[in-house]
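Chemist: predicted coordinates and the sequence they were generated for:
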Amino acid sequence: MCGRFSLLGTPDEIEALFDLMDIGTFPPRFNIAPTQPILMVVSGETPPPGSNRPDRRALLVRWGFIPGWVKDTANYPLMINARSETAIEKASFKTAMRHRRALIPASGFYEWRRDGDRKSQAYWVRPRDGGIFAFAGLYEPWANAEGSEMDTGAILTTGASENLRFIHDRMPVVIERQDFARWLDCKTQEPRHIADLLKPAQADFFEAIPVSDKVNNFANTGPEIQERVTETQEVRKKPGRAKPPEPDDQMKLF
């Protein structure tokens, strides 16, 4: 699964990797949490005139997928992840799998090894060679009863690669650069055509760095949460769950 991740690349680096035009400016984000806005890259409607650049656009999305048919979110679960193996079969995700696939720029993600029901050790999982990569994502427009609209999204997950299974049995799906166009092409590429992309990353792609439990609190947003710690340190008392930020504050993050 994926419950926290980071995006540390500059706008120029993101534009270059995803073939985007000017996406504006924003700071590095070390601790992106559910319900906060995340950056997604989606396919545009038509190719740019006279350009060889793929038609893609950046979209700011609330991390927490809400199907368009949901009327009241009060009792609806927060869906930040979608299992890639079954997404096309689920009422919540099947339309997005066909029509609204996305790429989610990231620099790494956090995962916790559990000791029973307790999170015993946090890990910062990042590419061994550094840099930015892309999660596979889905997005969905949603409107409340008053007509207020927002885009929502989720990260697709799959079984963990061999070197990460000691932490957790699930991990985000990573889409490689050469597959960006195929993944985003919802016009000619049906879910069955891109099923081969929904697989674990290569075993040597990521490295897992043990970090402190500072990452557990979404209010900790600095680089110190990625500092390596000794895995054998005494497990601290399980922290309480912090209240998510209010939506009005979240949308100020970019």
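Modeler: Cool, got the structure. Source: prediction; values computed, not measured.
Chemist: look at residue 95 and say how many residues are nearby.
Modeler: Neighbours of residue 95 under the rule other CB atoms under 10 Å: 15. C-beta here means a position set from N, CA and C on the backbone, and glycine is covered the same way.
Chemist: that one: what's it in contact with?
Modeler: Taking CB atoms under 8 Å, 6 or more residues apart in numbering, we find residue 95 in contact with 67-68, 140.
Chemist: distance of residue 40 from residue 96?
Modeler: Using CB to CB, to the nearest Å, we find residue 40 at a distance of 12 Å from residue 96.
Chemist: and for residue 159?
Modeler: Taken as CB to CB, the span from residue 159 to residue 96 is 21 Å.
Chemist: and if you look at residue 118?
Modeler: Per CB to CB, residue 118 is found 34 Å from residue 96.
Chemist: ditto for residue 212
Modeler: From residue 212 to residue 96 the distance is 35 Å (CB to CB).
Chemist: okay, the two: which has more neighbours?
Modeler: More crowded of residue 212 and residue 96, by other CB under 10 Å: residue 96, with 25 against 17.
Chemist: excluding residues flanking it in the chain, which one is nearest that one?
Modeler: residue 138 (4.0 Å; CB to CB, 6 or more residues apart in numbering).
Chemist: equivalent analysis for residue 87, please.
Modeler: Leaving aside its sequence neighbours, residue 87 sits nearest to residue 93 (CB to CB, 6+ apart; 4.2 Å).
Chemist: that neighbour: neighbour count?
Modeler: Residue 93 has 23 neighbours, counted by other CB under 10 Å.
Chemist: quick one, what contacts it?
Modeler: Residue 93 neighbours (CB under 8 Å, 6+ apart): 65, 67, 82, 87, 138, 154.
Chemist: what helices and strands are in contact with the helix or strand hosting the fifth one?
Modeler: According to DSSP states H and E, residue 138 maps onto strand 133-143. Applying 3 or more CB pairs under 8 Å, 6 or more residues apart in numbering; DSSP states H and E, we find strand 133-143 packed against strand 37-43, helix 94-99, strand 101-106, strand 149-159.
Chemist: and the second one, average pLDDT?
Modeler: Along helix 94-99, the predicted confidence averages to a pLDDT of 97.
Chemist: likewise stretch 70-82?
Modeler: What stretch 70-82 shows for mean pLDDT is 91.
Chemist: can I get the helices and strands packed on strand 133-143 in TSV with distance to residue 75?
Modeler: Formatted as TSV, those follow (distance: least, CB to CB, whole Å):
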stretch	distance to residue 75
strand 37-43	23
helix 94-99	21
strand 101-106	27
strand 149-159	16
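Chemist: can you pull out the strands in the stretch 51-200 of the chain?
Modeler: All strands of the stretch 51-200 of the chain, identified by DSSP state E, counting those that start in this stretch, fall at 56-63, 81-83, 101-106, 108-115, 118-127, 133-143, 149-159, 170-172.
Chemist: centre-most residue in the protein?
Modeler: residue 155 (4.6 Å; CA atoms, centre = their mean).
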